[in-house]
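Colleague: Below are the sequence and a predicted model for it; my questions follow.
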Amino acid sequence: MELQEFYKGPRGIAVKILNRVERTDSYLDKLLDIELKSDELNELDKRFLTELTHGVVRWKTRLDFIIEYFCKNKFAMQDPNIRNAMRVALYQILFLTKIPHAADVNEAVEFVKKIRGQKAANLVNAVLRNIIRNLNKLPTPDSESDPIQYLSIMYAHPTWIVKRWVERYGFYETEQLLSANNERPTVVVRANSLKTNVDELAKLFDERGIKYVKSKYLDDFLKVGHLTGIYNLDLFNQGYFSVQDESAGLVVKLLDPKPGETVIDLCSAPGGKTTYIGELMKNEGKIIAVDKYEHRLNLVKQSCERVGLTNVEFIAEDATAVNFNGSADKVLVDAPCSGFGVIQKKPDIKWQRELSDIKNLVKTQLELLETASKLVKNGGVIVYSTCTIEPEENIEVVKSFLDKHPEFEIEDARKYLPSDVVTNGGYMETFPHKHDMDGGFAVRLIKVK
Ligand SMILES: C[S@@+](CC[C@H](N)C(=O)[O-])C[C@H]1O[C@@H](n2cnc3c(N)ncnc32)[C@H](O)[C@@H]1O
């Protein structure tokens with residue numbers, strides 16, 4: 001029998017995806033997307049598959065710590081199929097408590113028996129049943145002797161990140177941040193003002209039985225909870241709304257695009273901010289959407305079409321290499337970054353990034369700002385933003401840029417944004433544990449001469 005034949009159903013496919021994430025550093029969502037597009041699973045199973053893969057990646061080292069303890073340190077040496085089948089089972093035992101534990105164990109045992117034989121299945125069975133018997137006395141690392149290791153395991157984040165955050169925020173705030181990062185992400189949508197308004201969209205959601213609350217930060221945003229299948233809704237396909245986190249929406253509010261202006265979006269794909277910019281400009285004026293990768297720029301094109309924007313030009317180009325002068329009113333640099341503000345949505349990021357990535361990204365971020373400085377007119381505005389909370393990629397980049405460019409200065413973000421997302425330095429900083437949205441950074445720079 002081909003190995004592929006074993007990876008059936010949501011649990012089997014989850015193991016296949018998790019094996020590949022571990023082996024190849026592939027992005028979880030890309031692998032998941034392939035499976036979600038196939039007809040092999042029904043809607044319910046697709047949701048379950050997403051829950052299992054995200055859940056296991058989110059809690060990986062916590063799950064491993066428990067299994068390793070009950071495996072008497074033989075877990076790490078097991079074949080990836082066995083390890084991931086056990087993680088999938090333990091994730092269900094700990095976090096999806098509606099499913100009877102016996103079913104979680106049986107599925108894992110049967111899968112391992114087929115793929116690795118009876119002896120391996122016996123080990124899986126014995127360990128998982130032992131864990132179930134000891135659910136009220138699971139092992140925990142000692143928080144006193146090694147607080148970093150404690151947080152790192154209990155909240156499943158790499159030690160090097162935890163260490164950085166404890167140094168920056170202290171133990172208790174780091175614990176809150178790590179805990180918020182492990183929440184299931186909330187889906188937030190933005191009403192498309194070209195086609196509807198937030199009250200009408202709310203009514204349309206009511207008619208479809210979709211629950212929501214209004215965003216407390218943005219008038220045109222609704223938070224719809226943990227809804228899956230949002231992209232399949234008729235209203236989405238008809239362009240009535242886009243899915244966008246509030247932190248991303250706030251970046252566009254800070255840019256404050258107006259009808260008739262010329263706005264350049266230097267890192268535009270997949271287009272969440274481009275479309276919001278276009279909606280606020282009421283489809284009047286010009287937007288130039290740039291991205292380094294043609295295939296990603298196509299996503300921006302599709303989104304613009306879906307929401308009904310007709311004033312967007314698309315340029316697939318490395319924005320650090322373009323050498324042209326411009327006279328844009330506004331330039332958005334939504335830079336590639338480490339993504340540590342979006343760990344809720346992309347839990348694999350925390351395991352894939354290394355400290356050296358941050359240093360390499362800073363170079364590109366500064367180069368992008370350099371390009372932006374040439375494209376914006378006197379009196380014009382650059383907004384520099386990221387979806388990370390790492391100062392090296394945020395305010396430190398801005399400081400380096402301003403040292404070299406005295407013709408720019410920071411304009412206080414309070415003029416555009418609610419004050420609780422603005423720091424004393426006048427720039428936006430958001431955090432999952434403080435604002436219940438993605439972590440992010442944005443600063444508004446004016447070219448004063
Ligand atoms: C954070 S994402 C942008 C998200 C987008 N603004 C949105 O709101 O949907 C960063 C984007 O920058 C693009 N990018 C990376 N390096 C670039 C470069 N040198 N020039 C232009 N685009 C670049 C990536 O392809 C990626 O699409």
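Modeller: Cool, the structure landed. Nothing here was measured: the structure is a model prediction, and the numbers come from that model.
Colleague: Close to the ligand: what parts of the stretch 301-449 of the chain are there?
Modeller: Listed as neighbours of the ligand in the stretch 301-449 of the chain under the rule Cβ under 6 Å from any ligand atom: 318-320, 334, 336, 364. In short, each C-beta sits where N, CA and C put it, glycine included.
Colleague: Show me which pair in those is furthest apart.
Modeller: Largest separation among these by Cβ to Cβ: Asp318 and Asp334, giving 15.5 Å.
Colleague: just to revisit the earlier point, looking at the residues of the stretch 301-449 of the chain next to the ligand, which are in helices?
Modeller: Taking DSSP state H, the ones among those that sit in helices are Thr364.
Colleague: In PyMOL, how would I select the buried members of the residues of the stretch 301-449 of the chain next to the ligand?
Modeller: Buried members of these, defined by 16 or more other Cβ atoms under 10 Å, are picked up in PyMOL with:
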select buried, resi 319+320+334+364
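Colleague: of the residues of the stretch 301-449 of the chain next to the ligand, closest to Leu266?
Modeller: Ala319 (4.6 Å).
Colleague: where's the closest one relative to Lys345, distance?
Modeller: For Ala319, the distance to Lys345 (Cβ to Cβ, to the nearest Å) stands at 25 Å.
Colleague: Over to Leu52?
Modeller: The gap separating Leu52 from Lys345 is 16 Å, by Cβ to Cβ.
Colleague: okay, these two: which has more neighbours?
Modeller: Taking neighbours as other Cβ atoms under 10 Å, Leu52 and Lys345 compare with Leu52 leading, 25 against 18.
Colleague: and the more buried one, what element?
Modeller: Assessed by DSSP states H and E, Leu52 sits inside helix 43-58.
Colleague: Pull out the buried residues from that helix.
Modeller: Within helix 43-58, judged by 16+ other Cβ under 10 Å, the buried ones are 45-58.
Colleague: Pipe those residues into CSV and attach distance to Arg208 and pLDDT per row.
Modeller: Output for those, formatted as CSV (distance: Cβ to Cβ, whole Å; pLDDT from 0 to 100):
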residue, distance to Arg208, pLDDT
Asp45, 22, 92
Lys46, 19, 91
Arg47, 17, 90
Phe48, 22, 94
Leu49, 24, 95
Thr50, 21, 94
Glu51, 22, 95
Leu52, 27, 97
Thr53, 27, 97
His54, 25, 97
Gly55, 27, 97
Val56, 31, 98
Val57, 31, 97
Arg58, 29, 98
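Colleague: Enumerate every residue touching the one residue in the stretch 1-150 of the chain that gets nearest to the ligand.
Modeller: Closest residue of the stretch 1-150 of the chain to the ligand, Cβ to the nearest ligand atom: Tyr27 (13.0 Å). Taking Cβ atoms under 8 Å, 6 or more residues apart in numbering as the contact definition, Tyr27 lies against 21, 346, 348.
Colleague: swap in Arg47?
Modeller: Per Cβ under 8 Å, 6+ apart, neighbours of Arg47: 228-229.
Colleague: which residues touch stretch 312-328?
Modeller: Contacts of stretch 312-328 (Cβ under 8 Å, 6+ apart): 262-264, 266-267, 274, 278, 286-294, 297, 300-301, 304, 364, 367-368, 370-371, 374-377, 380.
Colleague: How about stretch 345-353?
Modeller: Looking at what lies outside stretch 345-353 - Cβ under 8 Å, 6+ apart - the contacts are 21, 25, 27-29, 54, 57-58, 60, 157-158, 161, 181-182, 185, 245, 338-340, 342-343, 438.
Colleague: Mind giving me the PyMOL command for buried ones among those residues?
Modeller: In PyMOL syntax, the buried subset of the contacts of stretch 345-353 is picked out as below (16+ other Cβ under 10 Å):
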select buried, resi 21+28+54+57+58+60+157+158+161+181+182+185+245+338+339+340+342+343+438
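Colleague: Out of the contacts of stretch 345-353, name the ones that lie in helices.
Modeller: Of the contacts of stretch 345-353, the ones assigned to helices by DSSP H are 21, 28-29, 54, 57-58, 60, 161, 181.
Colleague: For the residues you listed, work out which two are farthest apart.
Modeller: Maximum pairwise distance among those (Cβ to Cβ): 20.1 Å, between Asp29 and Ile161.
Colleague: helices or strands next to the helix or strand encompassing Lys399 in the packing?
Modeller: Using DSSP H and E, Lys399 sits in helix 395-404. Contact here means 3 or more Cβ pairs under 8 Å, 6 or more residues apart in numbering; DSSP states H and E; on that basis helix 395-404 packs against helix 355-375, strand 376-386, strand 408-411, strand 440-447.
Colleague: Which one of these lies nearest to Asp206?
Modeller: Set against Asp206 and scored by Cβ to Cβ, the helices and strands packed on helix 395-404 come closest in strand 440-447, at 30.2 Å.
Colleague: can you give me the angle the closest one makes with strand 376-386?
Modeller: In terms of direction (axes from the mean of the first three to the mean of the last three Cα atoms, to 10 degrees), strand 440-447 departs from strand 376-386 by 170 degrees.
Colleague: helices or strands up against strand 440-447?
Modeller: helix 246-255, strand 376-386, helix 395-404, strand 408-411, strand 428-430.
Colleague: now those as a markdown table including mean pLDDT, mean neighbour count and distance to Asp79?
Modeller: As requested, the helices and strands packed on strand 440-447 are exported to a markdown table (pLDDT from 0 to 100; neighbours: other Cβ atoms under 10 Å; distance: least, Cβ to Cβ, whole Å):
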| stretch | mean pLDDT | mean neighbour count | distance to Asp79 |
| --- | --- | --- | --- |
| helix 246-255 | 98 | 26 | 40 |
| strand 376-386 | 97 | 22 | 39 |
| helix 395-404 | 98 | 17 | 43 |
| strand 408-411 | 98 | 17 | 54 |
| strand 428-430 | 98 | 25 | 42 |
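Colleague: Of these, give the one that comes closest to Asp329.
Modeller: When the helices and strands packed on strand 440-447 are compared (using Cβ to Cβ), the closest one is strand 376-386, at 5.3 Å.
Colleague: strands paired with that closest one, and their directions?
Modeller: strand 328-334 (parallel), strand 440-447 (antiparallel) (DSSP bridges).
Colleague: What angle do helix 246-255 and the last one make with each other?
Modeller: Regarding strand 440-447 and helix 246-255, their directions subtend 10 degrees when assessed with the same axes, to 10 degrees.
Colleague: in strand 440-447, what counts as buried?
Modeller: Buried, per 16+ other Cβ under 10 Å, within strand 440-447: 440-445, 447.
Colleague: what does it rub up against?
Modeller: Applying Cβ under 8 Å, 6+ apart, the set of residues contacting strand 440-447 is 247-248, 250-251, 254-255, 341, 373, 376-389, 393-395, 398, 401-402, 407-411, 413, 416, 426-430.
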